[in-house]
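Student: Make a model of this:
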Amino acid sequence: MPTYHIDQIDQKILSFLVKNARMPFLEIARECGVSGAAIHQRVKRLEANGVITGSRLLVKPQALGLNVCAFISVSLSEANKYPEVIEAFKKISEIVECHFVTGKFNLLLKVYCFDHDHLMEVLVNTIQKIPYVQSTDTQISLDQAIERQVWVKDYQNTSFSSRKTRK
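Tutor: Next up is the predicted model:
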C-alpha cells in the first residue's frame, strides 16, 4: 500500500473528529472552508488508507460499576509463547488493553474490575493461572488525570503508510 500524505485540511478534519466523532460533516466543512461532499470524500479516503480505523462510543467504566482500574505488568516464562498468552487474555473481559512492552516485564494490561476483591479474583484465579505467565506486578489507578485521543491539531506534513513508519 502506498504512503498516504495528510494535508492541512485532513489535519483539521481529524482534529474535529477526534474531539467529537459525531460532528456533522457540514459543520466540519464550514470550519474548513470546503463543501460537505469534499469532507465526505476525504473521510472516506482517510478510512480507505487506514488513517481512520473506526469510531466508537465510549462508556465510563464507573457507570457500569467498574470502580477499580489497574495496570498489570506480566512477565512470561517463555517470551515466544506471547501469541498463546494473548489468546488467553482475549477471553478475559476485564482486560481492556494489552501492550507488548520493553523493560523488566513483557506485557502491560489495563484492567477494569468492580472492586478490589474482583481484581484479586481476576489476578489470582485467572491471569496467574495462564500457562507461561511467570509473575505479575499490579498498580491500581487512583485517578485518571488525562483522557484523550491522539493529538492531531498541529502536525505538519505527516505521512502514514501501511508499515506505520514516518517518511
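Student: Just list whatever residues bridge to the residue nearest to the spatial centre of the chain.
Tutor: Centroid-nearest residue in the chain, with CA atoms, centre = their mean: Glu97, separated by 7.2 Å. Here Glu97 sits in beta bridges with Lys110, as judged by DSSP bridges.
Student: thought it was touching Lys110?
Tutor: Yes. At 3.9 Å, Glu97 and Lys110 qualify as touching, with contact defined as CB atoms under 8 Å. From N, CA and C alone the C-beta is placed, and that goes for glycine too.
Student: that older thread, relative to Lys44, how far out is the residue nearest to the centre of the chain?
Tutor: 28 Å (CB to CB, to the nearest Å).
Student: Please apply the same query to Thr3.
Tutor: Taking CB to CB as the measure, Thr3 falls 18 Å from Lys44.
Student: does Cys113 really touch Leu123, like I thought?
Tutor: No. If you go by CB under 8 Å, Cys113 and Leu123 don't touch, sitting 9.2 Å apart.
Student: Those two - which one has more neighbours?
Tutor: Legend: neighbour count by other CB atoms under 10 Å for Cys113 and Leu123, higher for Cys113 (21 against 18).
Student: Do me a favour and get the end-to-end distance for stretch 78-94?
Tutor: Stretch 78-94 stretches 24 Å from its first residue to its last (CA to CA, to the nearest Å).
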